[in-house]
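**Q** Have a look; sequence and predicted model below, questions after that.
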Amino acid sequence: MPSWPPCTATGRQAEALHLYRRTVEALRDELGVDPGQQLRDLHMEVLRGTAEKPPQRPGASALPRTVGLLLAQLGEAPQRIPGDLPGRQSLWRQALAGRRSVVVLDNAAGAEQVRPLLPPADAPCVVLVTSRTRIGPVDDAFLLTLEPLPVGDAVAVLRDAVGERVDAEPEAAVTVVELCGRLPLAVRLIAHRLQHRPRWSVAAMVERLRAADPPPIAVSAEGHSVAAAFDVSYRQLSGAEQRCFRLLGLHPAGEFEAWPAAALADVPVGRARELLDRLVEVHLLEEDQPGRSRLHDLLREFAATLVTEEERATATTRLLDYYLHTVAAVNRPLELIQAIAPDVRPDAFQRSFSDEHERLLWLRAAWPAVVALADEAHRAGAHRHAVMLHRVLWRFANNEGRAEIAERLGRQAIASASALGDDGLIALASNWHAGTTMRLGRGTESIRHLERAAVHYTAAGMPQEVNRVQVNLGIVCRAAGWLAEGMEHLRTFRELNKEHASTPLALFETGATELLLGRPGQARVTLRDAALHMHRIGATMQLDTLCNEFAGAHLALGHPRLALLLFTRGHRMNREAGSRAGIVEALCGMGRTHAVLGDLDAALRCHHEASEQVRDLTPFFEASARNDLGTTLTLLGRTGDAIAAHELALRLAERTERRYEQARAHAGIADALRREGRDDTAERAAARALFEACGLDAAAVARASEPAQQLVLLNDRH
């Protein structure tokens, strides 16, 4: 701890007290801590007039603004202090040469300011330099960048001020320091508030901070605040750097690349990188990974307060455009019907990608930011962006099992489109939202959305889109087990589009429905035609889903080895495409195929893996996986476990309006009961009734009602 200056023992009490106050302010502003016990004790001695001069020369307690006062604090006589700067620097170095000391150079502007104040290399000194900017190279210097406090240390700062209330509410204390970004000054200021509110609980402070009442950067005490500390660094920037920093406050996520920064600042990407590098240098931005910048939550909050309303509107639009057009470009290979894919403006800021894997990784990383922007677009009245962001995020959201978020975005998109009064956008939002509600197991609601889409497409004069709604109705009907109705919608589409009757989506849906209806021969031919058309239009990314259905057709036709190859390929393709639903479907198919081939252990492994994977998805997909698991368990003689699996599948299928899977569950329970020698009549009858209601003919009903027996028969044929 540095000693008190000579004024302590020479009757200059006022100066000593003034220096104490400056030291306390510096500790609080820069480090967010209070003075230590030794300095507080010395302060009391000064107040009482009992402080004594130490036996050795005092050290400097702060870096004065005049490099001569610094020498005076070391005890140099005024007549010995040279008048010129080089002379004073030389005397400073001589004075330190034989002195054991710790020199603190606080808030240095750069290496050039520090070098003249360094002691000789052989001097018994330690020099600590703090700076708001990264200091340039200094010989023999050890560089250390201070991160926010670890959680335990931040809680300790709170505990030192508040005491037992922190120990009584440990979880709330952790939340408080996290909301303060674990910045010492912010934590200390909040602690100061709690000190002066002895009846407040720590949980009450959590509620106030979460409600931003006031936000941590605005909390002040005795003229000190986090915002004021940030402002010192902000004012050191150039005009372009200041503009870039404050506009970054509009980005909804703490981490981003150069492209969105370029969009916000409206500068080329290369210039954006230069500005980001400068902000890293002055510690207003972090770059933990190459090419990815991170803005601390409190700094982002501070930056956003500096943005003008004019800047906010135009910069937000540019950011929305960037993410909308980049996500659209990422999704383009996934679009089955390229004609309805959102156009990408050639002049929009857009990130380039080397391959599909990089596209997928980028979208996963950008997901929180894009979702937050879609929410903000709806709230702020940027309605067209809200609609189109929902559109381009839909496929990824559902592939990744994030249907709940997609549902919120869909509801917002419909409301935004309605606010604009745009029939085409209302139809678009309703059409795609129907796919989400279907996956959430609300088939009846899904059909209502599709019917609404057809009405608005008609009003907008878009007959081709009206016709495509028929295909989507076929999709919903297949998912809900209304197979006969689904085939009617697909036939209607073909009649309305005689010149384009072989569109890949219509062919795929027809083949998948034929397979469930118990017509594998027809399904194989239809699905083969769908694959040829997908190759023709370049929609190769959709082959992952088709591959699973094609494999299922070959398995039903008694070709298990070919089916296993196709399911394995489908598994790989779905994994590469990031489709978790497709991965589960492939694993279930592989399990059924292993069972047909007689390898029940391998079948069980596949079904267990599918059961693990399906937990990340909505219950819509789980019923099928549980039914497949139950059938294999029955073949293994584990009938109790099999019945439990089928009963769970039945509950899930009932909740998600999946009539076909309800029928499979009843049939599976009946198989297990028969294996135990128990009466299966009621379950078998329920299965048959449901299969008939789905639209299966008598022969198909008979086969579907005995799933375990069918796997055995396929094994015999093999």
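**A** Done, it's in. Just so it is clear, the structure is predicted and the values come from calculations on it, not from any experiment.
**Q** Thr444: how many residues sit nearby?
**A** 10 (other Cβ atoms under 10 Å). The C-beta positions use only the backbone N, C-alpha and C, and glycine is treated the same way.
**Q** For it, list the residues it contacts.
**A** Glu657 (Cβ atoms under 8 Å, 6 or more residues apart in numbering).
**Q** Next one: it from Glu488, what distance?
**A** Distance from Thr444 to Glu488, counting by Cβ to Cβ, to the nearest Å: 17 Å.
**Q** and if you look at His666?
**A** His666 is 26 Å from Glu488, where distance means Cβ to Cβ.
**Q** For these two, indicate the residue with more neighbours.
**A** Between His666 and Glu488, counted using other Cβ under 10 Å, the more crowded position is His666 (26 against 16).
**Q** and that one, what does it touch?
**A** Counting by Cβ under 8 Å, 6+ apart, His666 has contacts 646, 650, 683-684, 686-687, 690.
**Q** Which among these count as buried?
**A** For these, a neighbour count by 16 or more other Cβ atoms under 10 Å gives the buried set as 646, 650, 683-684, 686-687, 690.
**Q** and these as CSV, adding distance to Val280?
**A** Formatted as CSV, the buried ones among the contacts of His666 follow (distance: Cβ to Cβ, whole Å):
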residue, distance to Val280
His646, 58
Leu650, 57
Glu683, 66
Arg684, 70
Ala686, 66
Ala687, 65
Leu690, 63
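**Q** Model confidence for the residue nearest to Gly695 when sequence neighbours are not counted, exactly?
**A** Sequence neighbours aside, Ala484 is the residue nearest to Gly695 in space, at 3.1 Å (criterion: Cβ to Cβ, 6 or more residues apart in numbering). pLDDT, Ala484: 94.
**Q** Which phi and psi values does Ala484 adopt?
**A** phi -60, psi -40 (degrees, to the nearest 10).
**Q** repeat for Leu128
**A** Per-residue torsions, Leu128: phi -110, psi 130 (degrees, to the nearest 10).
**Q** how about Pro116, secondary structure?
**A** When classified by DSSP: H, G, I helix; E, B strand; the rest coil, Pro116 comes out as helix.
**Q** sorry, that was for Ser90
**A** On the three-state scheme (three-state DSSP), Ser90 is labelled helix.
**Q** how many neighbours does it have?
**A** Neighbours of Ser90 under the rule other Cβ under 10 Å: 13.
**Q** Lowest average confidence across helices and strands of the chain, where is it?
**A** strand 220-221 (a mean of 61; mean pLDDT, DSSP states H and E).
**Q** any weak-confidence spans in the stretch 601-718 of the chain?
**A** Across the stretch 601-718 of the chain, the ranges flagged by pLDDT under 70 are 716-718.
**Q** switch to 90 and redo it
**A** Counting by pLDDT under 90, the stretch 601-718 of the chain contains low-confidence residues at 615-620, 707-718.
**Q** Distance of Thr314 relative to Ala382?
**A** Relative to Ala382, Thr314 is positioned 12 Å away (Cβ to Cβ).
**Q** Which one of those two is surrounded by more residues?
**A** Just comparing Thr314 and Ala382: by other Cβ under 10 Å the higher neighbour count belongs to Ala382, 19 against 12.
**Q** For that one, what are phi and psi?
**A** Per degrees, to the nearest 10, the backbone of Ala382 is at phi -80, psi 70.
**Q** And it, how close does it get to Ala413?
**A** From Ala382 to Ala413 the distance is 12 Å (Cβ to Cβ).
**Q** Look through this structure and tell me its longest helix.
**A** When the chain is parsed with DSSP state H, its longest helix is helix 356-380.
**Q** Contacts for it, please.
**A** The contact list for helix 356-380, computed with Cβ under 8 Å, 6+ apart, reads 251-253, 255-256, 260, 316, 319-320, 323, 326-327, 330, 333, 351, 353, 382-383, 385-386, 389-390, 393, 396, 400, 402, 405, 408-409, 412-413, 415-416, 541, 576-578.
**Q** pretty sure Val67 contacts Ser90?
**A** No: judged on Cβ atoms under 8 Å, Val67 makes no contact with Ser90 at a distance of 11.3 Å.
**Q** quick revisit: show me which of the contacts of helix 356-380 are buried.
**A** Applying 16+ other Cβ under 10 Å to the contacts of helix 356-380 flags 251-253, 255-256, 260, 316, 319-320, 323, 326-327, 330, 333, 351, 353, 382-383, 385-386, 389-390, 393, 396, 400, 402, 405, 409, 412-413, 416, 541, 577-578 as buried.
**Q** What ranges does the stretch 451-600 of the chain have for its helices?
**A** Counting by DSSP state H, counting those that start in this stretch, the stretch 451-600 of the chain has helices at residues 463-480, 483-496, 504-516, 520-537, 543-556, 560-577, 580-596, 600-613.
**Q** can the ones you listed go into JSON lines with extra columns for distance to Leu149?
**A** Converted to JSON lines, the helices of the stretch 451-600 of the chain look like this (distance: least, Cβ to Cβ, whole Å):
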{"stretch": "helix 463-480", "distance to Leu149": "51"}
{"stretch": "helix 483-496", "distance to Leu149": "60"}
{"stretch": "helix 504-516", "distance to Leu149": "55"}
{"stretch": "helix 520-537", "distance to Leu149": "55"}
{"stretch": "helix 543-556", "distance to Leu149": "47"}
{"stretch": "helix 560-577", "distance to Leu149": "41"}
{"stretch": "helix 580-596", "distance to Leu149": "38"}
{"stretch": "helix 600-613", "distance to Leu149": "38"}
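**Q** And the ones you listed: which comes nearest Pro120?
**A** Comparing the helices of the stretch 451-600 of the chain by their distance to Pro120 (Cβ to Cβ), the top pick is helix 560-577, with 63.3 Å.
**Q** How about residues contacting the closest one?
**A** For helix 560-577, using Cβ under 8 Å, 6+ apart, the contacting residues are 334, 356-357, 360, 399, 541, 543-545, 547-548, 550-552, 554-555, 580, 582-583, 585-587, 589-590, 593-594, 596-597, 714-715, 718.
**Q** I only care about those that end up buried; give me the ChimeraX line for that.
**A** Here is the ChimeraX command that picks out the buried ones among the contacts of helix 560-577, judged by 16+ other Cβ under 10 Å:
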select :334,356,360,399,541,543,544,545,547,548,550,551,552,554,555,580,582,583,585,586,587,589,590,593,594,596,597,714
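**Q** elements contacting the helix or strand containing Leu209?
**A** Counting by DSSP states H and E, the element that carries Leu209 is helix 202-210. Judged by 3 or more Cβ pairs under 8 Å, 6 or more residues apart in numbering; DSSP states H and E, helix 202-210 is in contact with helix 164-168, helix 170-179, helix 184-195.
**Q** That helix: which residues count as buried?
**A** Burial within helix 202-210, assessed by neighbour count using 16+ other Cβ under 10 Å, is assigned to 202, 205-206, 208-209.
**Q** and what of stretch 278-287?
**A** Buried positions in stretch 278-287, judged by neighbour count with 16+ other Cβ under 10 Å: 278-280, 282-286.
**Q** Need these in JSON lines (columns: distance to Asp139, secondary structure and pLDDT).
**A** Shown next, in JSON lines, are these (distance: Cβ to Cβ, whole Å; DSSP: H, G, I helix; E, B strand; the rest coil; pLDDT from 0 to 100):
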{"residue": "Arg278", "distance to Asp139": "25", "secondary structure": "helix", "pLDDT": "91"}
{"residue": "Leu279", "distance to Asp139": "27", "secondary structure": "helix", "pLDDT": "91"}
{"residue": "Val280", "distance to Asp139": "24", "secondary structure": "helix", "pLDDT": "88"}
{"residue": "Val282", "distance to Asp139": "23", "secondary structure": "coil", "pLDDT": "83"}
{"residue": "His283", "distance to Asp139": "23", "secondary structure": "coil", "pLDDT": "81"}
{"residue": "Leu284", "distance to Asp139": "28", "secondary structure": "coil", "pLDDT": "85"}
{"residue": "Leu285", "distance to Asp139": "28", "secondary structure": "coil", "pLDDT": "88"}
{"residue": "Glu286", "distance to Asp139": "27", "secondary structure": "strand", "pLDDT": "86"}
